[in-house]
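Asker: sequence and predicted structure, then a few things I'm wondering about:
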Amino acid sequence: MSYNNLISKYSNGITTITINRPKKLNALNKATIQELHEAFDAANTDEDTKVIIITGSGEKAFVAGADISEFADFSVEEGGKLAAQGHELLFDFVANLSTPVIAAVNGFALGGGLELAMACHFRVASSNAKMGLPEVSLGVIPGYGGTQRLPQLVGKGRAMEMVMTAGMIDADKALNYGLVNHVVEQDELLPLAEKIASKIMRNSSVAIAEAIHAINANYETGVNGFDVEIEAFGNCFGTEDFVEGTTAFLGKRKAEFPGK
Ligand code: COA
C-alpha cells in the first residue's frame, strides 16, 4: 500500500512505519492520522509482521505534535470531536493492538507526538530526542491520552510538572523518568529497535498478544486486571503455540512458533 504522509516497509518480520512530513516536523494532520490508522491496521493483520516500529523521517523530529494549523479555529464541539476521533483511530487503537509496537523516538516528540509514543507498547530514543506536552502554552490541554498515559509512565508529580510548565525533557531525563527504555546515538536507534524486535520475534506471538491485553487491563477503569490475566493465561493452553513451546522445551529443542 502507498501513502502520502508516511512510508510503511516490511522486512524480516518487522513493519517499520515512518511518518514522512519532515518539513512540518512530522506534525500529525488529519490525513496522517487516517493513514497511520490504515498502516497500523494493515501491519497488525499481516500474518508475517511480528513487530511494528514507528519512527519519524529526518534527523530532527519524531513528531512535533498535532498540526496546530488544522485546529486553530475550532469550536468546543469540534475540539472534542478531534480528540475523540484521534483516540479511536490512532492512540487507543495503537495501545490495544495485539502486535507489539515500539516507538523509535528520533528527535522532538511533542504534544500528539509524545502521546503517540506513549500509546506504543514501549519506547526507545536517540540522544538528541526532546519530549514534552506543550499544550497549555497554546491554551489547550493534551487531548490524545497525554493526561492519562504520562502519569502512568512517569508518576503524577512529574507529569503535573511537565504538563504545567509545558517544558521539554531531554533523552537522559526521559530514561531516568522511565518514559523511554533505552537511549542511543541517532544512527544506532533503528538497529536497536530491530534488535529488540528480533528478541521479541523468537517468542510466541499468540502469547504476546494475550500478555499485551492483560498488561493493558491494569490501566482500564473498572476492570480487574488479575481476572483478565487469569482468563488470558487459560486461553494460552488452547493454542498451538503452547503445545509447541512446551513440547520443544521438554524435547530440549528450540521452539518454532507457527505465527500469529
Ligand atoms: N503543527 C503544525 N506545524 C508545525 C508543528 C505543529 N505542531 N510543529 C512544527 N511545525 C512546522 C512549523 O510551523 C514550520 O513550518 P514552516 O516552515 O512552514 O513555517 C516547520 O514545522 C518547522 O518548524 P520550526 O518551528 O520552524 O522549527 P524550529 O526548529 O524552530 O522549532 C519546535 C522546533 C519543535 C520547537 C517548534 O516547531 C514547535 O514548538 N512546534 C510546536 C510544538 C507544539 O506545540 N506541539 C504541540 C501541538 S498540540
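Answerer: Structure received.

Asker: enumerate the residues of the stretch 101-250 of the chain near the ligand.
Answerer: Contact residues (C-beta under 6 Å from any ligand atom) of the stretch 101-250 of the chain with the ligand: 108, 110, 111, 112, 134, 135, 138. To be clear about C-beta, it is placed using only N, CA and C from the backbone, and glycine gets the same treatment.

Asker: which residue is nearest the middle of this structure?
Answerer: residue 120 (1.5 Å; C-alpha atoms, centre = their mean).

Asker: residues in contact with that residue?
Answerer: By C-beta atoms under 8 Å, 6 or more residues apart in numbering, residue 120 lies in contact with 54, 94, 95, 101, 102, 103.

Asker: before we move on, what about residue 7?
Answerer: By C-beta under 8 Å, 6+ apart, the neighbours of residue 7 are 17, 18, 20, 57.

Asker: how about the strands in this protein?
Answerer: Along the chain, counting by DSSP state E, strands occupy 6-11, 14-19, 51-56, 61-63, 101-105, 108-110, 122-126, 130-132, 168-170, 182-184.

Asker: distance to residue 210 and mean pLDDT added to these, as JSON lines?
Answerer: Shown next, in JSON lines, are those (distance: least, C-beta to C-beta, whole Å; pLDDT from 0 to 100):
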{"stretch": "strand 6-11", "distance to residue 210": "24", "mean pLDDT": "98"}
{"stretch": "strand 14-19", "distance to residue 210": "21", "mean pLDDT": "98"}
{"stretch": "strand 51-56", "distance to residue 210": "16", "mean pLDDT": "98"}
{"stretch": "strand 61-63", "distance to residue 210": "29", "mean pLDDT": "98"}
{"stretch": "strand 101-105", "distance to residue 210": "16", "mean pLDDT": "98"}
{"stretch": "strand 108-110", "distance to residue 210": "29", "mean pLDDT": "98"}
{"stretch": "strand 122-126", "distance to residue 210": "17", "mean pLDDT": "98"}
{"stretch": "strand 130-132", "distance to residue 210": "30", "mean pLDDT": "98"}
{"stretch": "strand 168-170", "distance to residue 210": "33", "mean pLDDT": "98"}
{"stretch": "strand 182-184", "distance to residue 210": "25", "mean pLDDT": "98"}
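
Asker: which of these sits closest to residue 259?
Answerer: Smallest distance to residue 259 across the strands of the chain (C-beta to C-beta): 13.1 Å, for strand 51-56.

Asker: hmm, who's touching the closest one?
Answerer: Contacts with strand 51-56, where a contact means C-beta under 8 Å, 6+ apart, come from 13-19, 22, 25-26, 40, 43-44, 62-63, 94, 97, 99-107, 113, 116, 120, 189-190, 193-194, 197, 200-201.

Asker: one more: stretch 213-229?
Answerer: 95, 96, 98, 148, 152, 232, 233.

Asker: now that stretch: buried residues?
Answerer: 213, 214, 216, 217, 228, 229 (16 or more other C-beta atoms under 10 Å).

Asker: state the pair within the residues you listed that is farthest apart.
Answerer: Largest pairwise distance in those, by C-beta to C-beta, is 11.0 Å, between 216 and 229.

Asker: just give me the neighbour total for residue 164.
Answerer: 10 (other C-beta atoms under 10 Å).

Asker: isn't it right up against residue 134?
Answerer: No - checked against C-beta atoms under 8 Å, the pair residue 164 and residue 134 is beyond contact range at 11.1 Å.

Asker: give me the mean pLDDT for stretch 204-222.
Answerer: Stretch 204-222 carries an average pLDDT of 96.

Asker: just the C-alphas of that stretch, formatted as PDB.
Answerer: The C-alpha trace of stretch 204-222 is given here as PDB (Å, rounded to 0.1, in the frame of the first residue of the first chain):
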ATOM      1  CA  SER A 204       5.000 -16.800  20.700                       C
ATOM      2  CA  SER A 205       3.100 -14.000  19.000                       C
ATOM      3  CA  VAL A 206      -0.100 -15.500  20.300                       C
ATOM      4  CA  ALA A 207       1.100 -15.400  23.900                       C
ATOM      5  CA  ILE A 208       2.500 -11.900  23.500                       C
ATOM      6  CA  ALA A 209      -0.900 -10.700  22.200                       C
ATOM      7  CA  GLU A 210      -2.500 -12.200  25.400                       C
ATOM      8  CA  ALA A 211       0.200 -10.500  27.500                       C
ATOM      9  CA  ILE A 212      -0.400  -7.100  25.900                       C
ATOM     10  CA  HIS A 213      -4.100  -7.500  26.600                       C
ATOM     11  CA  ALA A 214      -3.500  -8.400  30.300                       C
ATOM     12  CA  ILE A 215      -1.000  -5.700  30.900                       C
ATOM     13  CA  ASN A 216      -3.300  -3.100  29.400                       C
ATOM     14  CA  ALA A 217      -6.100  -4.200  31.700                       C
ATOM     15  CA  ASN A 218      -4.100  -2.800  34.600                       C
ATOM     16  CA  TYR A 219      -4.900   0.700  33.200                       C
ATOM     17  CA  GLU A 220      -8.500   0.200  32.400                       C
ATOM     18  CA  THR A 221     -11.100   1.700  34.800                       C
ATOM     19  CA  GLY A 222     -13.500  -0.800  36.300                       C
END
